[in-house]
Each structure stands twice: as structure tokens, then as C-alpha cells.
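Participant: A structural model of the following input is requested.
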Amino acid sequence: MKNQPKIFNTVSELHIAMGQPKPMHPLISILNYGEAIFDPKDFEQGIILDFYKISFKTIFKGKLKYGQGYYDFEEGGMSFVSPGQILRMQDEEADYSGMSLHIHPDFIRPYSLNAIIKKYGFFNYSASEALYLSEKEKETILGVFAFIQNELNERIDNFSQDVIISQIELLLNYSNRFYNRQFITRKAVNHDVLAKLEVEINDYFDQEKTLVNGVLTVQFLAERLNLSPRYLSDLLRNLSGQNTQQFIHDKLIEKGKEYIANGTYSIAEIGYKLGFEHPQSFNKLFKKKTNLSPVAFKESFNKN
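Facilitator: Residues are numbered from 1 along each chain as shown. Here you go, the predicted structure:
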């Protein structure tokens, strides 16, 4: 159907759609963008892959649509897509230079990587949160891609899968390291994000949006900052040692203490004002974070 994203169930189906011969191995392949032959108009509604895709783009003049925005990757970099995600190509003259590694879940299913791969947060990052590489980092990544390609081209035997799995793990670990470097080198920009986050949280409480929307959520803040929830959490963890949920909890407790000190509201009313449907939920979180119940904190505060 033309109004629906194109679904690719197998790696071979993608190769055929890109005008390429079937892959050497049915469950894993590397596709060179420069050799792909396709009309972006055929995929205007986007594509959905039933397998992992790790892309290394040296030049990317096309644009990827994510949400309401378009993000340009002309500088090159890496992006990661997990099975079931929608990817859209919106530029009629998209020009790619680079390659992508496609890994069907069945290829990694017998290995520990099948569980571990879900822990790599960058598979849940949005298109605007690509990994940009230094020249030395690019050489490292290209080296891993080349090793996997040679293994696929030259020998498929009883050891091939083990060897390739180890290289995929190496690729993911390098990517994790380079993303951490990117968080560090972009600290000035990330601190701006942190400042905006504080504004959004304060506004949420000051405007009493809790009474309409309930307890502040990671999803709400991520949308307000135009970031994916996972990227926001990883960014915050790098800056403060806390993920977004932990950051929100601290702000809730901070606001709760403020209300208690004010003395105007009962503990139950404070829970409702913070967005909790049940006061017990606020009491439980408060005690977990402070080792005191709200009532005990109020009593200790009054004694002082």
C-alpha cells in the first residue's frame, strides 16, 4: 500500500529493493550506499526493517525526517536502527556515501549479544542524535566494517558466525565509547539542554500542570526538548550521574519539601499537587529518597 511504510522482513528483500544482488549470508550483510540503485519516491512513507541496521555515512546530502523536523547529516557519522523502527527519506535527490551493516535478530539469537544489544541505548536515539566521528574514529569503525565484509566474502564456515559476532560486539563497544566522547566534547551544548530542562520542570510545577497531566514524565520532558527519551537520559547521566527518571524524582522531592515547609497543605494535598493519583505513592517515593516519611520530615522540620 502506497500510504504505508514499506516493510522489509529479510535482509535479502532490502538488497533487492536497493538494486543489489542477494547477500552472501541471508541473516547479515553490508550494503554500500554508493552502489545502491533506488528511487527515494518509492519510500516516501518510510521503511520498517525487521532487523538491526548500523549505518556509517561519510557523506549524507539527503535528509531524514524524525517527528516534525528534518536533520542534515552532511558531516557524516553513524546512526543505529533497531527492528520495528520507522525511517523516512524525504529528499528526492538523496546522495549517500558510506555503508550499512544489517543484522537479523536470528543471527545473534544463540549468543549473549541477543540480550546485551538491547542495553545499547543509541538504538533508541532519534535521527537528530547521530554519532559524529573524528578522523581517527572513522578509521577504527571502517576497519571493523572491512573485517566483517572480508569474513563474509572470503569464508563462511563453522567459525564465521563466532568471529563476526565478536566484531559486532567490538563495533558496538567502540560506538559506546565514541558516544561518551561526544557527550564530553559537547558539554557546553549539553549544559544548555540541562538549563532548558530546569526551566521546563519549574514551569510544569509553577503552572500546576500536574493537576491536569499527572506526575511529570520522562516522555513529556523529552518531547519538550526535542530529544528521544533514551538520549536525554544518557546525556543527563553523563552530566549529573543520574538518568532522567532519577532527576525527576529528586525534583519531586525538592518540591515536596518546599510544600511541607510552607505548611499550607496536608501531606495528601501535596501528593495530589505533585501529580500523584494516590498519596501513598508520594509517601513511598519520599521515604525512599529521604529515609523519612513526609509526616516525620514535617515533624522534624517543625522542631527546628
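Participant: is it fair to say Ile7 lies in a strand?
Facilitator: Yes - assessed with DSSP: H, G, I helix; E, B strand; the rest coil, Ile7 lies in a strand.
Participant: show me what contacts the residue nearest to it when sequence neighbours are not counted?
Facilitator: Of all residues beyond its chain neighbours, the one nearest Ile7 is Ile48 (4.7 Å), with distances taken as CB to CB, 6 or more residues apart in numbering. (Glycine included, C-beta is placed from N, CA and C.) Taking CB atoms under 8 Å, 6 or more residues apart in numbering, we find Ile48 in contact with 5-8, 84-87.
Participant: can you list the weak-confidence ranges in the stretch 51-200 of the chain?
Facilitator: Low-confidence segments of the stretch 51-200 of the chain (pLDDT under 70): 59-76, 89-96.
Participant: all strands of it, in order?
Facilitator: Using DSSP state E, counting those that start in this stretch, the strands of the stretch 51-200 of the chain run over residues 52-60, 63-66, 69-72, 77-81, 86-89, 96-103.
Participant: and the longest one, what does it pack onto?
Facilitator: Counting contacts by 3 or more CB pairs under 8 Å, 6 or more residues apart in numbering; DSSP states H and E, strand 52-60 packs against strand 77-81, strand 96-103, helix 135-154.
Participant: Sheet partners, orientation included, of it?
Facilitator: Strand 52-60 sits in its sheet next to strand 77-81 (antiparallel), strand 96-103 (antiparallel), going by DSSP bridges.
Participant: Out of these, which one sits most buried?
Facilitator: strand 77-81 (a mean of 23; mean count of other CB atoms under 10 Å).
Participant: Pull the residues that contact it.
Facilitator: For strand 77-81, contacts defined as CB under 8 Å, 6+ apart pick out 49, 52-57, 60, 64, 73, 87, 120, 122-123, 125, 127, 130-133, 141, 175, 178.
Participant: Averaged pLDDT, the host helix or strand of Leu236. What do you get?
Facilitator: Assigned by DSSP states H and E, Leu236 belongs to helix 229-240. When pLDDT is averaged over helix 229-240, the result is 92.
Participant: Would you mark the buried spots in that helix?
Facilitator: 229-239 (16 or more other CB atoms under 10 Å).
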